[in-house]
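Visitor: Generate a structure from the sequence data that follows.
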Amino acid sequence: MNQPSSVREDPQSVSGVLTADTQANMDAFGAMGLAFGFATSLMPRRTMILMCSAACGVCFSAHYLHVGSTTGMAMSAISVAQSLLAARYITSNGHPAWLGAAFAASMLMVAGLTLMTWNGLPSAFAGTGALFATAARLQSSSQAMRLLLVCATLCCAGHNAMVGSVCGLTCDVLALSGFMVTIVCRGTLWRLPRLRASFAGS
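Guide: Model prediction:
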């Protein structure tokens with residue numbers, strides 16, 4: 001899932017026809033971001049979700065820099081840092097006390113960037129998505145992380161649809177599809193041993 005920029009942007013498509021600016025924005029970095037964003041939604045384990053998410057954030061940081069969105073680049077960079085810290089220090093046994101402070105500081109930076117570039121509803125979607133994504137990275141359960149990332153991606157999709165970011169919206173749609181498939185499959189597989197056990201005992 002890509003981290004949206006709340007910077008003021010003009011829609012890049014008219015009547016469903018892509019303009020030259022939109023085509024230029026679909027650069028190599030954006031394409032790699034799409035691939036990593038989709039891969040994130042399909043990863044089976046928490047650490048793999050976080051590492052793919054970090055790779056996606058790196059790609060979109062470069063993409064936003066390429067298209068001139070410094071706010072998007074900064075927010076993506078913050079998401080990369082959060083993902084790497086969460087992958088390294090958050091376990092089923094908890095996390096170091098300083099990590100909560102580090103995440104709180106990163107969210108203050110996101111809030112500041114959102115307010116500095118406030119543009120109404122798109123900014124609200126972007127900020128809310130960042131909050132859900134931060135909460136997801138703090139989870140030790142991969143399934144809980146996926147559910148929160150679905151919420152974050154829905155907010156990102158709302159933002160990207162309003163600002164006309166075709167690259168970001170495509171990534172969001174792919175990620176949502178992958179997350180929903182993975183959540184359903186993982187939930188079904190988790191219940192199968194319990195069903196077999198109940199049949200054996202009957």
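
Visitor: How many residues are close by the closest residue to M107 other than its chain neighbours?
Guide: Ranked by C-beta to C-beta, 6 or more residues apart in numbering and with sequence neighbours excluded, the top spatial neighbour of M107 is T134, at 5.7 Å. No exception for glycine: its C-beta is placed from N, CA and C like everyone else's. T134 has 20 neighbours, counted by other C-beta atoms under 10 Å.

Visitor: T134: which element?
Guide: helix 121-137 (DSSP states H and E).

Visitor: Run through who's touching that helix.
Guide: 1, 3-6, 9, 50, 53, 75, 79, 82-83, 86, 90, 103, 106-107, 110-111, 114, 117, 144-146, 148-149, 151-156, 158-159, 162-163 (C-beta atoms under 8 Å, 6 or more residues apart in numbering).

Visitor: buried stuff in that helix?
Guide: 122-137 (16 or more other C-beta atoms under 10 Å).

Visitor: of those, closest to C171?
Guide: C171 lies nearest to G129 out of these, by C-beta to C-beta, at 12.5 Å.

Visitor: nearest residue to that closest one other than its sequence neighbours?
Guide: G129's closest residue in space is C155 (C-beta to C-beta, 6+ apart), at 3.3 Å.

Visitor: distance of the one you found from F132?
Guide: With the distance defined as C-beta to C-beta, to the nearest Å, C155 ends up 6 Å from F132.
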